[in-house]
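In: A predicted structure for the sequence below; I have some questions about it.
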Amino acid sequence: MRLKISGPKGIEGWNPSLGTKMIKLVSPNFSDLFEPNIEIGKFPDGNTHIRIPDIKACAGKEVLLFHRLYPDQNTAFFELLLILEALKEIKAQVTLVAPYLPYARHDKALLEGEITSAQVTCNLIARAGCDKLITFDCHFFDEEREMQFGDLLIQNLSMGNELIAYARQIFGSEKFEIVGLDKGAAYLVKDHGNQYLKKSRKAYEGDKVGYRHIEEMTVDFDVAGRNVLLIDDMISTGSTMIKGIEKIKEASASQIVVAAVHGLFLADSKEQISNLVEAVFSTDTVLSSLASVSINNKLNQLA
Ligand code: R5P
């Protein structure tokens, strides 16, 4: 069973290096790690209903809010806005812990008039009353650090070393190469040989969605006869990871293990990838049956 970091009754307690005692609020979608003290439901017409029974205790205080923004990101995001606005009303200073930030991949516009939803999402979170977001391996970061993005102050934490440590348990005494899936994953492997696949994309083809498909991936280092941990910040449809696995196999790697921080595993990608490699796992920033590495210790390190 996982260690819980909640205090006995839940509302007062944990303080992530911020100097003062914070009030802790936990959404039901964080119940795998903490005891929830926010109630979220729906009215018969589908409208969201939220109750924070202890809201009076938050007035004028520092609040640490745990709320996942995936799956069902649009609903989870609206729930967040309702909670933040209510806390702003009573002058609480809010630090939000949302381990996976949806829309983060859309931080650049390809098409004229396209809304860069990463920026807008962060602005909305800040303007609704969030003073700081703590998140993990956010797409537009390439290291652990704090940064202002639009209106929002973000503290980005990385689970790279934790994924590598878990892979060591899988490989046991056998040696393995640590390989980033692409340039975006290079920061995850920079202290471990700095090897990553080079990826090129096709020209934009005029789909309604601003997305450029992958043209080619190349392995310009030697993995022949060696075990490989292939690592990325996220697996969504799985198509990038599957292409990377194929390339690593063509380069004659021995055993392959696959890891990602955020395992969305859309459609049948979980099965497809599992069938190609020795093992596949992710962290619990997004919950799934493959979420083997917990963010809990990392959150505790902040305390
Ligand atoms: C790309 O820059 C990301 O790091 C991931 O490689 C990508 O977003 C994964 O998407 P999918 O699983 O749909 O290929």
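Out: Received, thanks. Residues are numbered from 1 along each chain as shown.
In: Quick one, grab the pLDDT at Leu299.
Out: Looking at Leu299, its pLDDT reads 89.
In: does it sit in a helix, a strand or a coil?
Out: Leu299 carries the three-state label helix when classified by DSSP: H, G, I helix; E, B strand; the rest coil.
In: Just to check, it is in contact with Leu64?
Out: No: the criterion here is C-beta atoms under 8 Å, and Leu299 misses it with Leu64 at 10.0 Å. Backbone N, C-alpha and C define where each C-beta goes, glycine included.
In: Then Gln272 would be within a strand, right?
Out: No: in this structure, Gln272 is helix, not part of a strand, as judged by three-state DSSP.
In: burial measure for Arg68, as a count.
Out: If you count neighbours by other C-beta atoms under 10 Å, Arg68 ends up with 26.
In: residues in contact with the residue of the chain most remote from its centre?
Out: Largest separation from the mean C-alpha position in the chain: Gly225, at 32.3 Å (C-alpha atoms, centre = their mean). By C-beta atoms under 8 Å, 6 or more residues apart in numbering, the contact set of Gly225 is 252-254.
In: Near the ligand, which residues of the stretch 51-200 of the chain? Just list them.
Out: Contact residues, the stretch 51-200 of the chain versus the ligand (C-beta under 6 Å from any ligand atom): 105, 181-182, 184-185.
In: which two of those residues lie the greatest distance from each other?
Out: Every pair in these was compared (C-beta to C-beta); the two farthest apart turn out to be Arg105 and Leu181, at 14.1 Å.
In: between the two, which one's more packed in?
Out: Leu181 (29 against 17).
In: Now that one. Nearest residue, chain neighbours left out?
Out: Among residues not flanking Leu181 along the chain, Asp232 sits closest, at 3.8 Å (C-beta to C-beta, 6 or more residues apart in numbering).
In: Over to Leu81?
Out: That would be Ala128: by C-beta to C-beta, 6+ apart, it lies 4.9 Å from Leu81.
In: how much space between the one you found and the ligand?
Out: In this view, Ala128 and the ligand are 27 Å apart by C-beta to the nearest ligand atom, to the nearest Å.
In: Any idea how many residues pack against Ile170?
Out: Using other C-beta under 10 Å, Ile170 is surrounded by 17 other residues.
In: Kindly list the main-chain dihedrals of the residue nearest to Leu81?
Out: With angles defined as degrees, to the nearest 10, Ala128 sits at phi -80, psi -10.
In: re the thing from before, who wins for neighbours among the contacts of Gly225?
Out: In terms of neighbours by other C-beta under 10 Å, the contacts of Gly225 top out with Ala253 at 23 neighbours.
In: pretty sure that residue contacts Arg226?
Out: Yes: here Ala253 reaches Arg226: they are 6.1 Å apart, a contact under C-beta under 8 Å.
In: Run through the residues that contact the residue nearest to Glu85 when sequence neighbours are not counted.
Out: In space, Glu85 comes closest to Ala128 once its chain neighbours are excluded; the distance is 5.4 Å by C-beta to C-beta, 6+ apart. Contact analysis of Ala128 by C-beta under 8 Å, 6+ apart lists 80-81, 84-85, 88.
In: Quick one: buried ones out of those residues?
Out: 80-81, 84, 88 (16 or more other C-beta atoms under 10 Å).
In: Would you mind listing the residues in contact with the residue nearest to Leu181?
Out: By C-beta under 8 Å, 6+ apart, the neighbours of Asp232 are 180-182, 184-185, 188, 240-241, 244, 259-261.
In: Sheet partners, orientation included, of the helix or strand hosting it?
Out: Asp232 belongs to strand 228-235 when assigned by DSSP states H and E. Partners of strand 228-235 in the sheet, by DSSP bridges, are strand 177-180 (parallel), strand 256-263 (parallel).
In: So for Gln119, which of those strands sits nearest?
Out: Among the strands paired with strand 228-235, the nearest to Gln119 by C-beta to C-beta is strand 256-263 (19.6 Å).
In: And the average pLDDT for that closest one is what?
Out: Strand 256-263 comes out at a mean pLDDT of 98.
In: So is it next to the ligand?
Out: No: using C-beta under 6 Å from any ligand atom, strand 256-263 stays clear of the ligand, with a minimum separation of 8.1 Å.
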